[in-house]
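K.L.:
Show me how the following folds:
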Amino acid sequence: MGIMLSLQEVTKIYPGVKHIKAIDSLSFDLEEGEICTVVGPSGCGKTTLGKTILGLVPAAGGVTLYDGRNISEFTPGELRRLRARIQMIFQDQVRTAYAPVDCFSAVLPVDNPGALGERGVLIRSDWLKVNEAPLPGSDSGSMELMAGGNATAEGDTFFSRAARMSYAQAKDLLILEGDGRTLAEVFHQPQVGGQTSKHAARKILYWPGTGRLEIEDARSFEFNEAPGR
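P.N.:
Numbers count the residues shown, from 1 in each chain. The predicted model follows:
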């Protein structure tokens, strides 16, 4: 088997007051079917390495080859196909903010879902998997998220939790699943101070943009009128 992934003197530097060198002249070859484990303390550059390999952040130096090709020369469509084959799985209680932004360099708050706007979602989970799926007939891609282990998702009008959850940007669809011991739950309040509802089930399909719900194997339902009604 040939070499599938090759890093040659790859360096990543975050400019600033301290000029942090997250990756320092890293080189290794990975053959198809081979497993490589990167181990180190928090902040040592493991996540930055994954982002650099996927072309999510540019390297300051060196070359990353996939099947013998430099990923810096990949077209946007080729990068999307690459990210469908090479994916990152984050671990240790991840916080992720999703919302429309004006530019690629924008930074979203991960502690205040109210600051993300009506289309924003804040996800907390033990692990997170991110993928960019190609859209048929389009040069753009669609983001897909999968999260698990004490996973919660919170927006302007809802709060949900489940053992496993996934979100498909193209469909604006959030799927929540229990694990046999715990149920998936959605708390929904379309308007501040308005009526609230709580659903618990083995599986829940929720469209945040419209508030639509589909319930499979429902276990409980609660509905509360707004105060004063």
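
K.L.:
all contacts plus neighbour counts: C-alpha atoms, from now on.
P.N.:
Noted.

K.L.:
Show the contacting residues for residue 30.
P.N.:
By C-alpha atoms under 8 Å, 6 or more residues apart in numbering, the residues touching residue 30 are 3, 4, 5, 6, 36.

K.L.:
looking at those residues, which has the most residues close by?
P.N.:
The most neighbours of any of the contacts of residue 30, using other C-alpha atoms under 10 Å, belong to residue 6, which has 21 neighbours.

K.L.:
can you list the domains in this structure?
P.N.:
3-86, 91-224 (automatic domain parsing).

K.L.:
Report the mean confidence score over the last one.
P.N.:
Domain 91-224 carries an average pLDDT of 82.

K.L.:
Pull the distance from it to the chain's centre.
P.N.:
Mean C-alpha position of domain 91-224 versus that of the full chain (C-alpha atoms, centre = their mean, to the nearest Å) differs by 11 Å.

K.L.:
and if you look at the shortest one?
P.N.:
On the basis of C-alpha atoms, centre = their mean, domain 3-86 is displaced by 18 Å from the centre of the chain it belongs to.

K.L.:
Now do the buried residues in the longest helix along the chain.
P.N.:
Ranked by number of residues, the top helix in the chain under DSSP state H is helix 76-85. Buried residues in helix 76-85, counting neighbours by 16 or more other C-alpha atoms under 10 Å, are found at 79, 80, 81, 82, 83.

K.L.:
next one: stretch 169-188
P.N.:
Neighbour counts over stretch 169-188 (16+ other C-alpha under 10 Å) mark 173, 174, 175, 176, 177, 178, 183, 184, 185, 186, 187, 188 as buried.

K.L.:
Out of those residues, which sit inside strands?
P.N.:
Applying DSSP state E to the buried residues of stretch 169-188, the entries found in strands are 173, 174, 175, 176, 177, 184, 185, 186, 187, 188.

K.L.:
just the strands in this protein please.
P.N.:
Per DSSP E, the chain carries strands over the ranges 3-14, 20-31, 61-66, 69-70, 88-98, 121-134, 141-154, 158-168, 173-177, 184-188, 196-207, 212-224.

K.L.:
So which elements touch the longest helix of the chain?
P.N.:
In terms of contacts (3 or more C-alpha pairs under 8 Å, 6 or more residues apart in numbering; DSSP states H and E), helix 76-85 is packed against strand 121-134.
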